[in-house]
Each structure stands twice: as structure tokens, then as C-alpha cells.
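Trainee: Predicted model follows, preceded by the sequence.
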Amino acid sequence: MPYNQQSITSIRRWSPKTFSFKATRPEGFRFKNGQFVTLGLRCGGKLVPRAYSIVSDPDEPDLEFLSIHVPDGSLTSELAQASVGDTIWINSKVTGSLTLEHVQAGRNLYLLATGTGIAPFISLIRGEEIFERFETVILVHSVRTAPELSYREELEARAGGRLRYVPTVTREPHDITGRGADLFRSGELSRMLELPDPDPELDRVMLCGNPQMNKEMTTHLKEQGWTMTNYKGVGNFTVEQAFVTTQCED
Ligand SMILES: Cc1cc2nc3c(=O)[nH]c(=O)nc-3n(C[C@H](O)[C@H](O)[C@H](O)COP(=O)(O)OP(=O)(O)OC[C@H]3O[C@@H](n4cnc5c(N)ncnc54)[C@H](O)[C@@H]3O)c2cc1C
């Protein structure tokens, strides 16, 4: 059976809609920064599995995840009530199209996330390789309300040098209230960061968020001459394709 019985080791609530948790790591469980795994709880004796991006770096002992709480969601209505020590089932198989192998090396790497779509990007920036492959990494996180800016303290503490962190809040007053995709497309993002305009020859983009953002950005980038990574080869932008059907933040 591919599911391994593990335990929840810590929980952190960010907002009424979002929380993080850590779980013990199955023996021999290997993954790359940015990948996702399927995990679940047994509800009424039946396993309810869902895909989750791994937040942690492979060097960390536990596995960390960031979750939405969908009040009537089959899994998250139960997961949001879980306590430290509770059992969680984690699949052995990892996959995903948001690893560093999914974009060519380049100058600046733009990571555009909405809501819980920031999860794989936290993993990426906790690793060292991303800063070996890119001069500057720009992480834009768009949420509706400020408490949903999960990992904000960690990101603010690390930002400033090679990592630029741009938190945006769309439904309450905040320093930046524009959607990440709009800031990117209008050129405002590069102006505010005093960076050159994104150039498909030199720069790279990774997208993880709600279907609208993924779709708008994919259309925009393709129109501007960017090439999406797919089975034909590695391009200069990539999107977690599977994410698009389930994310509806922002
Ligand atoms: C590749 C992949 C990676 C994923 N990684 C994560 C992750 O790291 N964290 C995470 O919370 N979810 C992630 N998801 C979504 C996750 O698999 C579940 O959909 C989510 O946990 C809700 O499950 P549920 O059974 O409670 O609700 P479901 O019954 O599955 O979903 C109910 C509805 O909730 C909405 N919804 C589902 N997920 C989200 C979300 N993340 N944000 C906003 N609205 C949502 C959708 O409209 C969905 O139709 C990922 C999905 C995919 C395909």
C-alpha cells in the first residue's frame, strides 16, 4: 500500500481559512523542492486523499504543509480539527511541475502565488540551489486578507538581498493592494523593485494559484513570446497544471 501511517507533530493557524502543519516523514521518503504529495485522513473508515505541496526543504526532518480550510471540504473540514499526535496518511509518490528542473536557469526568477499556492515556493526558497541558478528571486504572494500572508515573518526576515518578497492584499487596506498578476503584466512590479522588465530571453516565471491567475498569466506570457514547460521540453515558465482545477483563492 503506497500510503504510510504518520503523525502530526505541530500545527500553526494563520487565519480562519489557512493553517500549516508538520508530520513525521515516512522512512526513505525523498522529494525535490517544489513537489507535491497526496495525503489524507481516514474519515468514517475511508481514506480521503488530496494533493498537497510540500513546504519543507528535503533537509528538514519533518514534512510541512500549508492548508486551506474549506468548511464543507471532504478532507479539510476534518484536517482543520486535527491535533498533534493524530494519524495522517502520506503517499510514497511525489511529483510536480514546480521544481527547478522545470525552468531553464536565468537572470531573475518570478514566483507568482495566490493563497495556499505559496507552499511550493516556500520549499524552493528554503533550498540553496535556487540562488545558485538565479541572480534574484522575486516572490509575489497575493491574498485577500493580511492574516492569509502565511510565512510572512520568515520571508520578511530573509528578504532584501537575492530574495525580493512582495506581499499583496486585495480585499483590505495594505501597502500593496494590486493582484500579483496585474502588477507583473503592467510592469509595475519591476518598476517598484527597480528591476529590468521581465525578458523571456533572460528571466523565468513559475505560477501557482487560482485558476484565473494561472490562466491570465499563461495567456499573457505566451502572447509576449514566453514558452511554457511541457512534455516537449523545458521552457522559460512553468505552472502547476494540476493545481488549476482546485485552487480558488483571491
Ligand atoms: C497538485 C496540487 C497541489 C495542491 N496543493 C495544495 C496545498 O499545498 N495546500 C492546499 O490547501 N491545497 C492544495 N491543493 C488542493 C487540495 O488538494 C484540496 O483540494 C484541498 O485540500 C481541499 O480539499 P477538501 O477535500 O477539503 O475540499 P474539496 O472537496 O476537494 O474542495 C472543495 C472546493 O474547495 C476549493 N479549494 C480546494 N483547495 C483549495 C485551495 N487550496 N485554496 C482555495 N480553495 C480551494 C475548490 O473550489 C474546491 O472545489 C492542491 C491540489 C493539487 C491538485
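Mentor: Great, that's in hand. Please read all numbers here as calculations on a predicted model, not as lab measurements.

Trainee: Run through the strands of the chain in chain order.
Mentor: For the chain, strands defined by DSSP state E occupy the ranges 3-15, 18-23, 36-43, 46-53, 63-68, 87-95, 108-114, 136-143, 163-169, 204-208, 237-239.

Trainee: Burial check on the single nearest residue of the chain relative to the ligand, number of neighbours?
Mentor: Of all residues in the chain, G73 sits closest to the ligand, at 2.1 Å by CB to the nearest ligand atom. Backbone N, C-alpha and C define where each C-beta goes, glycine included. Taking other CB atoms under 10 Å as the criterion, the count of residues near G73 is 15.

Trainee: mind listing what's buried in stretch 223-240?
Mentor: 226, 228-229, 235-240 (16 or more other CB atoms under 10 Å).

Trainee: and those residues near the ligand, which?
Mentor: Near the ligand, judged by CB under 6 Å from any ligand atom, the entries from those are E240.

Trainee: Please produce JSON lines containing the buried residues of stretch 223-240, extended by distance to P61 and pLDDT.
Mentor: Output for the buried residues of stretch 223-240, formatted as JSON lines (distance: CB to CB, whole Å; pLDDT from 0 to 100):
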{"residue": "W226", "distance to P61": "38", "pLDDT": "97"}
{"residue": "M228", "distance to P61": "35", "pLDDT": "96"}
{"residue": "T229", "distance to P61": "31", "pLDDT": "95"}
{"residue": "G235", "distance to P61": "35", "pLDDT": "95"}
{"residue": "N236", "distance to P61": "35", "pLDDT": "96"}
{"residue": "F237", "distance to P61": "33", "pLDDT": "97"}
{"residue": "T238", "distance to P61": "28", "pLDDT": "97"}
{"residue": "V239", "distance to P61": "30", "pLDDT": "96"}
{"residue": "E240", "distance to P61": "25", "pLDDT": "87"}
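
Trainee: how is the protein carved up into domains?
Mentor: Domain assignment for the chain by automatic domain parsing gives 3-95, 100-245.

Trainee: Identify the residues contacting the residue nearest to K93 when sequence neighbours are not counted.
Mentor: In space, and not counting its chain neighbours, K93 is closest to P2: 6.1 Å by CB to CB, 6 or more residues apart in numbering. Going by CB atoms under 8 Å, 6 or more residues apart in numbering, P2 touches 91-93.

Trainee: Give the rounded mean pLDDT of whichever helix in the chain runs longest.
Mentor: What stands out as the longest helix in the chain, according to DSSP state H, is helix 211-223. Across helix 211-223, the average pLDDT comes to 95.
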